[in-house]
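1. When you get a sec, could you give me coordinates for this:
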Amino acid sequence: MIGPNDDRDLVDWRKTTTDGTTVYELEYSVPVSEPTGRPRTLFGATSGGTVPAAEQSVRLPDGERIPATDVTFEAEGTTLRIRVEEPPLLARLWRALPWWTRG
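-> This next block holds a predicted model:
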């Protein structure tokens, strides 16, 4: 889950819609930066090991899980904005038809 850790606390958050795009704004107790890479505390399995890219997800404060490939991050001071982007048509087809192989 994106949220508090050993050196920062999640102070407040809200979910808004901007131009039809869902945006989560998370306010922390200290300045934050955009997540880089995919540490286990933010993405995928918490028990260790690797998680295939298609199965990696971001869990937000309201409990919603979003595929990691569908989000973009923007950090400004103590605020982290998470935009939920509409996945491309092909990606949506692969999710809907898991038995369909990719080439």
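
2. Okay, and the beta partners of residue 10?
-> residue 28 (DSSP bridges).

3. How about the one 5 residues further on?
-> In this structure, residue 15 has beta-bridge partners residue 24, where bridges are defined by DSSP bridges.

4. Measure how buried it is and give me the count.
-> Counted with other C-beta atoms under 10 Å, the neighbours of residue 15 add up to 14. All C-beta spots, glycine's among them, are computed from the backbone N, C-alpha and C.

5. Any regions of the chain where pLDDT drops low?
-> The model of the chain has pLDDT under 70 over residues 1-6, 36-54, 87-103.

6. Which stretches in it count as helices?
-> 89-96 (DSSP state H).

7. Strands of that one, residue ranges please.
-> 10-18, 21-28, 57-59, 65-67, 71-76, 79-84 (DSSP state E).

8. Need those strands in TSV (columns: distance to residue 34).
-> Converted to TSV, those look like this (distance: least, C-beta to C-beta, whole Å):
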stretch	distance to residue 34
strand 10-18	16
strand 21-28	12
strand 57-59	13
strand 65-67	16
strand 71-76	4
strand 79-84	7
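
9. For residue 34, which residues are in contact?
-> By C-beta atoms under 8 Å, 6 or more residues apart in numbering, residue 34 lies in contact with 73-75, 80.
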